[in-house]
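*Asks:* The sequence and its predicted three-dimensional model are supplied below.
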Amino acid sequence: MKIELACHSGFCMGVRDAILRIVRELNHSDDEILVYGPLIHNPQTTQILETRGLRTVHDLDGIAGKTIAIRTHGITADKLREIKGRAARYYNLTCPKVSRVQGIIRKYSGMGYYTIIVGDHDHAEVLGLKSYAQAGVSVISDVQEIPLIPPAANHLVVSQTTQDADRFDEIVTGIQARFPGLTVFNTICESTHNRQSDVTEGVKGGADALVVVGGRKSANTQRLAQMGREYGVKTFHIETEEELLHADFRNVRKVLVTAGASTPGWIINNVMERLYDINFRNSFFLVNIPIRLLQFMLRTNIFSAVTAYFITAFVQSYAGLVPDRGLCLVSMLYIFSMYTVNNFLEMQWLLVRNPVKYALLKRSRYLLLPMAALSLAVSGLVLSSHPWWIGAVYGVSALLGCVYSTGLIKKAVQLVPVRLARLVYSEKNIISSVGWTIAVALLPLLGRGAQAPAMIALNAFVFSMILLRYLLLDIIASQGDLILGRQTLPVTIGPRQTQRLGAIIVVATSLLYAALVLARGAPIYLYFLVNLVYLGILFVRFPSKSYFFALKYEFIVDFNFVVFVALCLALGIY
Ligand code: SF4
């Protein structure tokens, strides 16, 4: 089965800006924020925001002295006046495209035009638009209703922003037949139009199934599903991936996935993961088994742990030391155990961000957790034949790694009066990269006569390679992390700035590393620049695409580790 994601899926500009604004306000204030009616038509997103301090209200009775947000659909002119008069603060999150339609109606009805809105009678946006029509208004949802429009000197026609383009044209043609000389504004939002075109193109391109992801009450999402049914393709309108069943896709050749304007990226990712999972299960075992194995190695961080072994061998080789395979083994076991412990401590994020990975870890917990404990024990045994302080540093690092994500430490850090310390703690991936570097690059060299330039080159190289990997993985998860309140660099400074920062780190580290390698007179180690270049290409190339099938993306990012290990083996470093 071929799985294709429509070009225009997920948050539109209006919803994205509204969510960003609300989340920023929630992050900087302990007060609850009221929103009049659901902020967007996506229950999963609003439920999460409600746990973070957003409260949906359905009347304005209790708003005096409170902060209230006006949702993307807009509200009636009366309600807006009331909010301005009674609330302590308000955020008008009405989408600019909806505000534009309100402005058109206000202007033309001021000139005496009778307003006709092509839209759904009870839709929140339409109720708001009606309130701006001071010279009479009719809402037309079907050509049958055209005879109900009263005669007037001038008629203005606008559309609900999420209307179906064909239906709008059909209704306008009908109204023009009755009232020639109409003033018509096609105010259907481009975002809606693009999504509908994607479905049409997808069906023309051979899709025999359509998965529409989004709230059941979302008008634009309902319309996408309706289009699928009208085209006669197997259509599934779902809110989460749990609604998809293996049996439903047995005879499907090509499935198109699309999503409404208020569907967040992480839900789309989860649906893509689920579909690929269904596809693998329904596929021949010779395809199914290697993919499952790859998934297990990636998601349980066995890939990363094996790479840690080779990084330790590489740094010792570069520094002119005979590789101590015991330390290589300790690096591998340390990385495996730290990742495993932290994965299980962060299960609550995973459940929302990546249910497929969550399920895999949950299934494998009786294997992975004892393996992590065994790894630490074996590391201790190996280190007993090394200077005591190496074991002590590993021990302290392991302890910090295990308690880092616990609630106790989080609460303790919030009490620290220095803001910078709290900020550094919250950027977990920087701390993790430092931890990686100390464990796999710094400790194996300390006290063994490695030269300072070699130490600088190697630690900069390893730190950058690990940090860049984390940043790449966090960029695609940033939308979900933002809503969930998870602090990462792409959330703090934005995905684009993170991309720029990543590119700068690649260039700066490559220059430093290359200069130090050449100064040392060991050009063979220049081959490893390929790892930085590869990550640099990913920063420029991949995050510009909005959504990915997470496993594929994780593999593309971690393919860098495969390249690194292959280089080590080719150069005899192990
Ligand atoms: S679908 Fe269009 S009009 Fe509606 S919120 Fe999004 S950008 Fe605005």
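*Replies:* Yep, it's here.
*Asks:* Enumerate the residues of this structure near the ligand.
*Replies:* The chain has residues 12-15, 72, 95, 97-98, 161-162, 189, 191-192, 261 near the ligand, with proximity defined as Cβ under 6 Å from any ligand atom. C-beta: built from backbone N, CA, C; applies to glycine.
*Asks:* Narrow these to those in helices?
*Replies:* 13-15, 97-98, 191-192 (DSSP state H).
*Asks:* would CSV of those residues with distance to Leu182, neighbour count and pLDDT be doable?
*Replies:* Converted to CSV, those look like this (distance: Cβ to Cβ, whole Å; neighbours: other Cβ atoms under 10 Å; pLDDT from 0 to 100):
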residue, distance to Leu182, neighbour count, pLDDT
Met13, 29, 15, 90
Gly14, 27, 24, 91
Val15, 31, 25, 90
Lys97, 21, 19, 95
Val98, 22, 23, 96
Ser191, 25, 21, 90
Thr192, 22, 25, 87
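*Asks:* between the residues you listed, which is closest to Lys84?
*Replies:* For those, the residue nearest Lys84 by Cβ to Cβ is Val98; the value is 17.9 Å.
*Asks:* What is the nearest of the ones in helices among the residues of the chain next to the ligand to Arg496?
*Replies:* Closest approach between those and Arg496, by Cβ to Cβ: Met13, at 15.1 Å.
*Asks:* ok, that closest one to Val98 distance?
*Replies:* As judged by Cβ to Cβ, to the nearest Å, Met13 and Val98 stand 12 Å apart.
*Asks:* One more: Leu512?
*Replies:* Per Cβ to Cβ, Leu512 is found 51 Å from Val98.
*Asks:* Give me the contact list for stretch 181-193.
*Replies:* Outside stretch 181-193, the residues that touch it by Cβ atoms under 8 Å, 6 or more residues apart in numbering are 8, 12-14, 95, 97, 100-101, 104, 108, 113, 154-163, 165, 168, 172, 175-176, 220, 223, 261.
*Asks:* Need the buried ones from those selected in PyMOL.
*Replies:* This is the PyMOL syntax for the buried subset of the contacts of stretch 181-193, where burial follows 16 or more other Cβ atoms under 10 Å:
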select buried, resi 8+12+14+95+97+101+104+108+113+155+156+157+158+159+160+161+162+163+168+172+175+220+223+261
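*Asks:* Restricted to strands, list the contacts of stretch 181-193.
*Replies:* Residues of those located in strands (DSSP state E): 155-159.
*Asks:* Wait, a helix at Phe236?
*Replies:* No. Remark: Phe236 does not belong to a helix; assigned using DSSP: H, G, I helix; E, B strand; the rest coil, it is strand.
*Asks:* Residue numbering should commence at 105 henceforth.
*Replies:* Got it, the first residue is 105 from now on, which makes the last one we talked about Phe340.
*Asks:* Go ahead and confirm it touches Val316.
*Replies:* Yes. Using Cβ atoms under 8 Å, Phe340 is in contact with Val316, at 7.0 Å.
*Asks:* More neighbours: which of these two?
*Replies:* A direct count of neighbours by other Cβ atoms under 10 Å for Phe340 and Val316 places Val316 higher, at 29 against 19.
*Asks:* you'd agree Gln601 is in a strand?
*Replies:* No. Read with three-state DSSP, Gln601 is helix and lies in no strand.
*Asks:* quick one: it and the ligand, what's the gap?
*Replies:* Gln601 is 24 Å from the ligand, where distance means Cβ to the nearest ligand atom, to the nearest Å.
*Asks:* just Ile250 next, same as before
*Replies:* 25 Å.
*Asks:* In this structure that residue contacts Arg282, no?
*Replies:* Yes. At 6.2 Å, Ile250 counts as touching Arg282 under the criterion of Cβ under 8 Å.
*Asks:* higher neighbour count, those two?
*Replies:* Neighbours of Ile250 and Arg282, each counted by other Cβ under 10 Å, are more numerous for Ile250; the result is 17 against 12.
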